[in-house]
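K.L.:
generate a structure from the sequence data that follows.
(chains A, B, C, D and E)
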Amino acid sequence: MINHLPILQVVIPLLVAPLCVLFRSPRLVWSIAALTCWIILVIAGVLLHEVLSNGVISYEIGGWAAPWGIEYRLDEANTLVLLIVSGIAAVVTSYARLSVEHEIAEDTIPLFYSAWMLCITGLLGITATGDAFNVFVFLEISSLSTYAMIAMGKDRRALTASFQYLVMGTIGATFILIGIGLMYMMTGTLNMADLAQRLPAVSDTRTIRAAAAFLTVGLSLKIALLPLHLWLPNAYAYAPSAATALLAATATKVALYVALRFMFTVQGVDFTFGQMRLDLILLPLSVVALLAMSMVAIFQTNVKRLLAYSSVAQIGYMTLGISMASATGLTGSILHIFNHALMKGGLFLALGAIMYRVGSVELDKLAGIAKRMPWTMAAFVAGGLSLIGVPTSVGFISKWYLILAALEKGWWPVVMLIVFTSLLAVIYIWRVIEVAYFHAATDENSGIKEAPLSLLLPTWLLIGASYYFGIDSSLSTSTAKLAVLRLWGGGL
Amino acid sequence: MITAQTAILLAITIPLLAGVLIALTGKHPNLREAVTLLASLALLLTVSSLLPAVLNGQQPILNWIEMLPGLSIRFQVEPLGMMFASVAALLWPVNSLYSIGYMRGNNEKNQTRFYICFAIAIASVMGIAFAGNLLTLFIFYEALTLSTYPLVTHSGSENAMKSGRVYLGILISTSIALLLVAIIWTWQVTGSTEFTPGGLLNGKLQGPAVGIMLLLYMYGIGKAALMPIHRWLPAAMVAPTPVSALLHAVAVVKAGVFTVVKVIVYIFGLDLLRSESSAQWLLYAAAFTIIVASVIALRQDNLKRRLAYSTVSQLAYVVLATAILAPLSVAAAALHIVAHAFGKITLFFAAGSIYTASGKTMVSQLNGIGYRMPWTMGAFAIGSLSMIGVPPAAGFISKWYLLLGAVDAQQWFAIGIIIISTLLNAAYFIPIIYAAFFKTSDAANTHGESPLPMVIALLITACLTLLMFLFPQIPLALAQQLAGVGA
Amino acid sequence: MKRNPVLRVITDLLLPPILLFALYVQFHGDYGPGGGFQAGVIFAAGIILYALVYGLKKTQRVLPPQRIRVFVALGVLLYAGTGIAGLLLGGNYLDYNVLGSNPLAGQHLGILLVELGVGITVAAVMIMVFYMFAGRK
Amino acid sequence: MAVSAIAIVRLRSLFAAVMLTSIYSLLSASFFLTLDAVDVAFTEAAVGAGITTVLFLSTLALVGRHSQESHHTRWLPLGVVTLTGAALIYATLDMPRFGDPAAPVHQHVAPRYIEQSAQEVGPPNIVTSVLASYRGYDTLGEVTVVFTAAIGVMLLLGRSRKDKQDDEHET
Amino acid sequence: MDLLGLYNYWIVILLMMAGFYIVISCGNLVKKIIGLNIFQTSVFILFISMGKVSGGTAPILAEGITRFSNPLPHVLILTAIVVGVATTSLGLAIVVRIHETYNTVNEDEIHQQDEDAE
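P.N.:
Reported below is the predicted structural model:
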């Protein structure tokens, strides 16, 4: 069975999704979903171990050899992403029970979990596949389920947020489809490894350049890279809490991984940075994203929105690392994908717990909440410190590599930028902390109790992980470095 | 007997453990404070158990986890760290005693949070003192900032919040914006962040880069309060007095200058700085801070604020001493860290004692108070003498070595600064003592001395100030070891 | 429309051929154009026509939404399950060669099952979606 | 086709727009037919002209037929569209000519489907072979997408308005 | 240069852009979905065009025919059409819900209502 794990990773949640529809009891469906997620986490762990010890795993679906059939191709880069997605999925699903019962009408809960599992299936499928068109198909699975989940938010603005995301997401997906189509047109193949071999011969053509451009724009929409981030703040702010946590920690990361895969493996470093000079486009966008979005975050009054804008800014760090076009920079990016998933996931889970008790995440409703929910707020503080990049947290590790990469290049302004945006993070995190800790509690808040254990435990699991990997980063950094070597191909 | 490695680990875990226990016993004040006191004594024992080995020239090392590839959390007990740790460990029990009196006497809220944060801050101080490389130091440096933030904003008032923002803003932003960058740059240049005798950067970095690196470090270490990044220190005065005492005598500011000395001695190395003209600015920056801060102190009527600006100028002494770059002056810097700690904590204890007993905070209100609170004001006088640098107080020793070092290095400019600032010190301390003992009080004051624990505490620190003058052997030996000059 | 006898008669006449045609498309996909997807759509179109003429209530009495919901899931399960079957019989996922006695027979069976899965899901989904929209009035 | 597309841009009546979309769909279906894509044509006719139209009409029945035009500035969208179009035109410049049998698409991967599928898979309809077997996994994904859409629609429209109001009264 | 061979593509691009323009410029949500539909359908045509081989026939094996059009794009587009209809139905479902809660499907009016609510 062990050699079938790559496909089982994706197909198990895919099978569970329709199963969810067949049952009526929310609890039962939740148990199945949670169990599934832990199983796929174990699978992802085994796969990562396999990849680290034995190298790339290729799995031919249907028994048809690539490029005729569809191939799953696991290397250090995407297995790490698989681990992130399934790990976050496991923790967040465990957390979801109460939060979902609280925010979603009871009779639709089985359907909600079905969408939930589909979203996870989609994300895993995108990550595992070695086929360009398959990426598109699974992207749509995850996107459609995401639209549906976002629309389930209690606030009516959830509907418009979902619609906006649907329109922008579909445009993005169609752009990706055009990009893939143009590449197919010039090479006759859809398999990524095969594309990588055949592209150099035609990389001089205008068609391929346009293809790369369309792919990049389409993926940037999904990554929420400025200025294509417009869908994200509303979507994150009004989606159900559990869904926000799942999406914030995984969706944009997976899209970014796909972008990396195309930039590095498929098109190759020489093409992406030598011919297209993508670094020249990414650099200013990342800089603006970091600065502008951090500042916008400071002025938000809804904490979920605040963190959403912070996410857009943090994506800027990841693209900044890529734009340096150096091994250290890319290591920083990949590490930040991993690290940011942990901390943002933890932060949104803490917010979900607050939502569960307070019923709102507006800043002025949180006055003095730290007294009532000390553990939840402690988790928020810990996550916030990680976002700032305080040492022993994962945020510090990412920042270390990014600054190191900028220093290697001698890009002092970029060093200053990274540092400055960390300070902006201090401001927006501290606004929340001050209100929660030092403002007197309002009368409404006087009866609020600490969040139940089933919400606290998963939250602290992620926060704990974000400190574990901050103190002992050997596992994450070594995997990230191997992933960089793999992505870079022979050029390093 | 426990091994040195265990002792290092214990020194950090005892206060942390105490924090947990305090949290658990928060509902029972007596038990909670017993925990604090016991833990502080246990820490004192642990730290002193390390002393003999260090005096014998050993430097116990403990490598903990590898945080980044090739970069672990590492502890190494060298003379300066030993000195710093001993001072902190010695003053924690005293400060705890004092805190109990103060917090109860003023009926402060959130006392449990206070003691927890205090314990964590002490753990961070131990981590800073024993840090074996820059990364470790940085981690505990940030932990110290964060754990003292709730102490500064303790009262929760609008004013406290504002000051808290200044405090956190300056300390976090300088450390992340400058210190972290400097550390990563060092790592990029040398592939290491370890404290190396003779200087890690020596021979690896030349030219103006040295000056820039020095700039990053010196202003990155915001806790050393070099002007113009000193503002957090007066702002932090909104905190309860035991915190001010801790911040200004033991933990935070000393962590700052301690880091400055360590960076200059072990990261740059005296030779490198001496040979680079781009690094000479430090001396003048320190001199500027000494004079300006003293002048400002002279004009403060609020006692705690006057003490705060006095601290700013005294910290700059340490920096100045180090910047002279002579072995003797480096020893003086180390000594001054200790001497100032004892003296300033006494002064703050006295200020808190005055506030608890009489509610007074202004210098102009203190006429004749010496008769009502003889012990407190007596101790205050001893502390002041130490600040000015007059025998029989500890301050004299460090100032003496400072002068020796300056003469040795023929830094006439520095000598001039020292003399002027001594006069200024005298100008802002002597009037207080004079008013307290020789002026008659204008209002009908009925208060007496403050609660007994506070009086005991401040007497202990005053005695320590005198004792260090009389028996300076141990700190002297450590300081000489650090500077590499024979006893 | 419910009262228009002409429409009713035409619907009655048309419905069986439409459903039959759907089945033809479903199983003839191997040889000519068509397959599960098209068949599903045509089947659904038939039902929708019926619903338009006879009303939603009556249609739902014949095909209750609950049952459709089961079919929605069933199709996907059939498809994915076929893949698992291949896996259990020693091949890779979705490898049909191992399903039959020889590869060609296996492929034939596999494609049949898979197309059936597609057909069921697509028909069920289309009917379901229509129910949902029509049910909002 | 072009006419119908541009007419949709100008039209205010949503009903007419939907009808034109349907016609557009049918036209493209016939276009597919001329391009030898019989399966695609069949599907496009059934889906684009059939199901999609029904869905649009059901929606219109619920939301009303007329579109009020908003007074946005038209320059930004026009700019974006022109840019995208220009990028695509640029892309076409190096494309293989339409119908060229020597184009790379016909040289790699596809020949095996045409030559081997009869022996390897069986059905004479190559599209079916590729769809269900060679790239069967994509089709599984496709079915899952349809399933996802159904889940989404059921989530959104499954509860009647009355249920929801009851719910809100409770909380 | 034989530009005539590209003429076909250009028409497709024109259509595509018309759809795209509807999506991003129209304030009416239903019309946006219509635009998406047209946009996607045009992309399908682009794909199918590249699969065409002059003189080829539909890729159904039969006696005596040796020249087939490329079946792979057909397969891809079959999948893409389905994805398209799935997106459309979900999008319309959201539109219906938006209409129920806001009583309008015009983007500006929705925006206005949200701002008034705040």
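K.L.:
burial of residue 35, as a residue count?
P.N.:
Let's take chain A. Neighbours of A:Leu35 under the rule other C-beta atoms under 10 Å in any protein chain shown: 14. Quick note: C-beta positions are derived from backbone N, CA and C, even for glycine.
K.L.:
try chain E instead
P.N.:
E:Gly35, neighbours per other C-beta under 10 Å, totals 27.
K.L.:
any idea how far it lies from chain C?
P.N.:
According to C-beta to the nearest C-beta, to the nearest Å, E:Gly35 stands 20 Å off from chain C.
K.L.:
what residues are up against that residue?
P.N.:
Applying C-beta atoms under 8 Å, 6 or more residues apart in numbering or on different chains, we find E:Gly35 in contact with D:8, E:19-24, E:26.
K.L.:
now for those residues, which pair is the farthest apart?
P.N.:
D:Ile8 and E:Ile24 (14.3 Å; C-beta to C-beta).
K.L.:
which one of these two is surrounded by more residues?
P.N.:
D:Ile8 (25 against 19).
K.L.:
if we ignore the residues flanking it in sequence, what's nearest B:Cys137?
P.N.:
Slight slip there: residue B:137 is Leu, not Cys. Closest residue in space to B:Leu137, ignoring its immediate chain neighbours: B:Ala131 at 3.7 Å, by C-beta to C-beta, 6 or more residues apart in numbering or on different chains.
K.L.:
look up phi and psi at the one you found.
P.N.:
Dihedral pair for B:Ala131: phi -60, psi 140, per degrees, to the nearest 10.
K.L.:
where does D:Thr171 land on pLDDT?
P.N.:
Listed pLDDT for D:Thr171 reads 41.
K.L.:
OK, contacts around the residue in chain E positioned nearest to chain C?
P.N.:
Ranked by C-beta to the nearest C-beta, the top residue of chain E for proximity to chain C is E:Ser89, at 5.0 Å. The contact partners of E:Ser89, by C-beta under 8 Å, 6+ apart, come to C:129, D:55, D:149, D:153.
K.L.:
how about the residues you listed in TSV, adding pLDDT?
P.N.:
TSV is the format used below for those (pLDDT from 0 to 100):
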residue	pLDDT
C:Val129	91
D:Leu55	88
D:Ala149	94
D:Val153	93
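K.L.:
out of those, which sit inside helices?
P.N.:
C:129, D:55, D:149, D:153 (DSSP state H).
K.L.:
columns distance to B:Gln280 and neighbour count on top of the residues you listed, output as CSV?
P.N.:
Output for the ones in helices among the contacts of E:Ser89, formatted as CSV (distance: C-beta to C-beta, whole Å; neighbours: other C-beta atoms under 10 Å in any protein chain shown):
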residue, distance to B:Gln280, neighbour count
C:Val129, 78, 31
D:Leu55, 79, 23
D:Ala149, 72, 30
D:Val153, 75, 27
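K.L.:
max pairwise distance over these: which two?
P.N.:
Top of the distance list for the ones in helices among the contacts of E:Ser89 (C-beta to C-beta): D:Leu55 and D:Ala149, 10.7 Å.
K.L.:
between the two, what contacts are shared?
P.N.:
With C-beta under 8 Å, 6+ apart as the test, D:Leu55 and D:Ala149 both reach C:129, E:89.
K.L.:
which secondary structure element is home to the single nearest residue of the stretch 351-492 of chain A relative to chain C?
P.N.:
Nearest residue of the stretch 351-492 of chain A to chain C, counting by C-beta to the nearest C-beta: A:Arg486, 23.7 Å away. Assessed by DSSP states H and E, A:Arg486 sits inside helix A:474-488.
K.L.:
again with A:Lys222
P.N.:
helix A:206-223.
K.L.:
run through who's touching the helix or strand following that helix.
P.N.:
Sequence-wise, the next helix or strand downstream of helix A:206-223 (DSSP H and E) is helix A:231-238. Here helix A:231-238 makes contact (C-beta under 8 Å, 6+ apart) with A:150, A:153, A:155, A:157-158, A:160-162, A:164-165, A:168-169, A:221, A:224, A:244, A:247-248, A:252, A:302, A:304-305, A:307-309, A:311-312.
K.L.:
understood, closing this out.
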